[in-house]
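>>> Here's my sequence, what's the structure:
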Amino acid sequence: MAKTRTYMDKYKFTAAENQRFARANFTKLVHTNARFEGVNTTLPQTKLLWTV
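Numbers count the residues shown, from 1 in each chain. Presented below is the predicted three-dimensional model:
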């Protein structure tokens with residue numbers, strides 16, 4: 001039987017910190033994927049889409 005490992009949560013974000021972290025990384029992820037698919041966009045343009 002295999003042992004399962006338990007890892008400590010070294011970041012321990014609050015709900016507000018987690019939302020801020022996710023929002024920042026989601027914008028970068030969308031921008032990176034758009035560039036990969038050949039969509040010519042800049043990071044500021046991508047950020048503008050999420051703030052509107």
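
>>> Got the phi and psi for the residue nearest the centre of the chain?
Central residue of the chain (C-alpha atoms, centre = their mean): Asn25, 2.4 Å from the mean position. Backbone geometry at Asn25, expressed as degrees, to the nearest 10, gives phi -70, psi -30.

>>> per-residue pLDDT, it?
The confidence metric pLDDT takes the value 86 at Asn25.

>>> same question, Val39
85.

>>> Show me the shaky parts of this protein.
Applying pLDDT under 70 to the chain flags residues 1, 50-52.

>>> switch to 80 and redo it
Within the chain, the ranges that satisfy pLDDT under 80 run 1-2, 24, 46-47, 49-52.

>>> can you give me the strands in it?
Read by DSSP state E, the chain holds no strands at all.

>>> Please enumerate the helices of it.
Using DSSP state H, the helices of the chain run over 15-36, 43-51.

>>> So which residues make contact with the shortest one?
Under the contact criterion C-beta atoms under 8 Å, 6 or more residues apart in numbering, helix 43-51 has outside partners 23, 26-28, 30-31, 34. C-beta: built from backbone N, CA, C; applies to glycine.

>>> quick one on the thing from earlier: for Lys12, see how far away the residue nearest to the centre of the chain is.
Asn25 sits 17 Å away from Lys12, going by C-beta to C-beta, to the nearest Å.

>>> and if you look at Lys3?
25 Å.

>>> So which of these two has more stuff around it?
In this view Lys3 and Lys12 are compared by other C-beta atoms under 10 Å, and Lys12 has more residues nearby, 8 against 5.

>>> returning to that earlier point: tabulate the helices of the chain (JSON lines), appending distance to Met8.
Shown next, in JSON lines, are the helices of the chain (distance: least, C-beta to C-beta, whole Å):
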{"stretch": "helix 15-36", "distance to Met8": "17"}
{"stretch": "helix 43-51", "distance to Met8": "32"}
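
>>> To Tyr7, which of these lies closest?
Taking C-beta to C-beta, helix 15-36 is the member of those nearest to Tyr7, at 17.3 Å.

>>> quick revisit: which of the contacts of helix 43-51 are buried? Put it as a PyMOL command.
In PyMOL syntax, the buried subset of those is picked out as below (16 or more other C-beta atoms under 10 Å):
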select buried, resi 27+30+31+34
